[in-house]
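Peer 1: fold the following for me, if possible:
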Amino acid sequence: MNDEVHNEQSDSPPRPVGVNIVLGSVSLLAGCVSYWMMPEEMDEGARRMAAIFAGAVVLWITEAIPLFATSLCVIALEAWWVAVPEDLGMAMEYKTVFNSLSNPVIFLFLGGFILAKSVQKERIDVQMAALLLRAFGTRPWAVLGGIMLITATFSMWMSNTATTAMMIVMVQPFLSRLEARDRFRKALILAVPFAANIGGIGTPIGTPPNAIAMAQLDDAGIGISFFTWMAFAFPLMLVALTVMWAFLLTLFQPRGDRFEVKVEQDFKLTTHAMVVYSTFAATVLLWLTGSWHGVPTAVVAVLPAAVLTVTQVISKEDFNRLEWNILMLIAGGIALGDGITSTGLDTWIVKALPGEGLGFFGLAALISVLAVAMSTVISNSVATMILLPIGIAMAASLGSSTIETQVLAAMCAIMASFAMGLPISTPPNAIAYGTGQIENRDMLLVGGITSIAAGLLVVITGPTVISTILNWLS
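Peer 2: Numbering: from 1, shown residues only. I've put the predicted structure just below:
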């Protein structure tokens, strides 16, 4: 489960307070300018929402304050400045704003967080990774593929940062068997963060952009089920992993044809571990069979939350240490999208943008390119929160079908996860770079080319492939 919150997850020193004050002032200025520059005929609610949107974008991009704090500011400003006044003539109440905190996607992610926390607490992730690595033999190409496949699999359900930290440790014994000048060392290190980033696209709970996309679609009444998301995202994840694997082998060829290494880890089946295994299996099974039994994915997600806390696998301390900041970040994105739609700001944005000649394919390509470009230098969650409301509004203005709007949202979220060209692009990249085994140019070369290749793959095939799968499953 990817949690792309840069400053809050990296070890970089905080900026001086004076710099953050200046950036905060720029955010306030951006909001004021946006408010006064809006057309006179625009409704007051839309003008105020435009100011909130502009200020939030500046704060999210500059990270003058924590990302989740910006989301809370969005919710507070919408409730106090947009929803409470009764003279604005809008169909928006403060209860609508607060509903973003109880959106079904929030509970879906909460269930995923609790599952991931239980797996980590019982060290099931380490035990399973060690067990699986032994199955890939001694051939360098097989070991590399095994590391990537295991990393991506864990990242589908766990934090990509935690997955990367775990797998980097698992890779160390392999590095010790290679000569210092063996370029294959770089392949093993780079494989971990890139596979963690790619793995997040495989499930709706794999990364916040996926959750944001699902929430926006749910609000539009055209939500995507858990199984449907995996039906198009999982194959794409496997293709991307295969391309990355071949690319790493080509650029960093091993000097030998085999090496032996033992990854020692005892497999322990405790009572709590059995509870986690059974709960995890039942939850995933219910998520994947939603079309049969009809239970919403968010309702299924409260199952592990209840079982794992009642059995005390997750203690009060564990519960308090969940990634609540990520949930607040997602809630802020949901509130922003609701505000833009409820006030009619989306209509004005669409009118101001030159989208008439694009057509759906051109719009999907534009949003996808912007998603990967923005996510390379800022949080992928932020990039998705900025782009999706605009993209969905523009799709509606073009008369796009339900399937096309779903495709657009999915492409935006997926492309945000493919941005990994710099050490600052994602926390996993920063962790790998911090090992000292790779250089910035290595990450830029492999990650940059992968971002471009993945972008082309998604833009060229996405509209056709994803829409075909959606039509088949609808």
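
Peer 1: just the residues contacting stretch 145-157, thanks.
Peer 2: Here stretch 145-157 makes contact (C-beta atoms under 8 Å, 6 or more residues apart in numbering) with 1-2, 112, 115-116, 119, 125, 129, 132-133, 135-136, 163-164, 166-167, 170-171, 188, 191-192, 194-200, 202-203, 205-206, 237, 241, 244-245. Glycine gets a C-beta too; all of them are placed from N, C-alpha and C.

Peer 1: how near is the residue nearest to residue 311 when sequence neighbours are not counted to residue 308?
Peer 2: Leaving aside its sequence neighbours, residue 311 sits nearest to residue 275 (C-beta to C-beta, 6 or more residues apart in numbering; 5.1 Å). Look at residue 275 and residue 308: by C-beta to C-beta, to the nearest Å, they are 7 Å apart.

Peer 1: can you check residue 463 too?
Peer 2: 40 Å.

Peer 1: with neighbour numbers in mind, choose between the two.
Peer 2: Higher neighbour count among residue 463 and residue 308: residue 308, with 26 against 20, using other C-beta atoms under 10 Å.

Peer 1: wait, residue 233 sits on residue 200?
Peer 2: No - between residue 233 and residue 200 there is no contact under C-beta atoms under 8 Å: 9.5 Å.

Peer 1: need the residues touching each of those two.
Peer 2: Contact with both residue 233 and residue 200 is made by residues residue 210, according to C-beta under 8 Å, 6+ apart.

Peer 1: the two - which one has more neighbours?
Peer 2: Neighbours per residue, other C-beta under 10 Å: of residue 233 and residue 200, the larger number sits with residue 200, 36 against 25.

Peer 1: surely the more buried one touches residue 194?
Peer 2: No - with contact defined as C-beta under 8 Å, residue 200 does not count as touching residue 194 (11.3 Å).

Peer 1: if we can go back for a sec, pull the residues that contact the helix or strand hosting the residue nearest to residue 311.
Peer 2: Per DSSP states H and E, residue 275 falls inside helix 271-288. Helix 271-288 is contacted by residues 111, 115, 118-119, 122, 124, 226-227, 230, 293, 295, 297, 300-301, 303-304, 307-308, 311, 313 when judged by C-beta under 8 Å, 6+ apart.

Peer 1: mind listing which of the residues you listed are in helices?
Peer 2: Among the contacts of helix 271-288, DSSP state H puts 111, 115, 118-119, 124, 226-227, 230, 293, 297, 300-301, 303-304, 307-308 in helices.

Peer 1: what two of these are the furthest from one another?
Peer 2: For these, with distances taken as C-beta to C-beta, the pair at the greatest spread is 124 and 293 (26.5 Å).

Peer 1: which of the two has more neighbours?
Peer 2: residue 124 (20 against 8).

Peer 1: quick check: the more buried one vs residue 257, distance?
Peer 2: Going from residue 124 to residue 257 by C-beta to C-beta gives 33 Å.

Peer 1: excluding its backbone neighbours, what's nearest residue 234?
Peer 2: Nearest non-adjacent residue to residue 234, counting by C-beta to C-beta, 6+ apart: residue 202, 5.0 Å away.

Peer 1: where does that neighbour land on pLDDT?
Peer 2: In this model, residue 202 is scored at 92, pLDDT.

Peer 1: now do residue 31
Peer 2: As predicted, residue 31 sits at a pLDDT of 93.

Peer 1: export the strand or helix carrying it as CSV, just CAs?
Peer 2: In this structure, residue 31 sits in helix 17-37 according to DSSP H and E. These are the backbone C-alpha positions of helix 17-37, laid out as CSV (Å, rounded to 0.1, in the frame of the first residue of the first chain):
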residue,chain,number,x,y,z
VAL,A,17,10.4,28.4,9.5
GLY,A,18,10.9,31.6,7.6
VAL,A,19,10.7,29.8,4.3
ASN,A,20,7.5,28.1,5.2
ILE,A,21,6.0,31.4,6.3
VAL,A,22,6.8,32.9,2.9
LEU,A,23,5.3,29.9,1.1
GLY,A,24,2.2,30.1,3.3
SER,A,25,1.9,33.8,2.4
VAL,A,26,2.2,32.8,-1.3
SER,A,27,-0.6,30.4,-0.8
LEU,A,28,-2.8,33.1,0.8
LEU,A,29,-1.9,35.5,-2.0
ALA,A,30,-2.8,32.8,-4.6
GLY,A,31,-6.2,32.4,-3.0
CYS,A,32,-6.9,36.1,-2.9
VAL,A,33,-5.9,36.6,-6.5
SER,A,34,-8.0,33.7,-7.6
TYR,A,35,-11.0,35.1,-5.7
TRP,A,36,-10.8,38.6,-7.2
MET,A,37,-9.9,37.5,-10.8
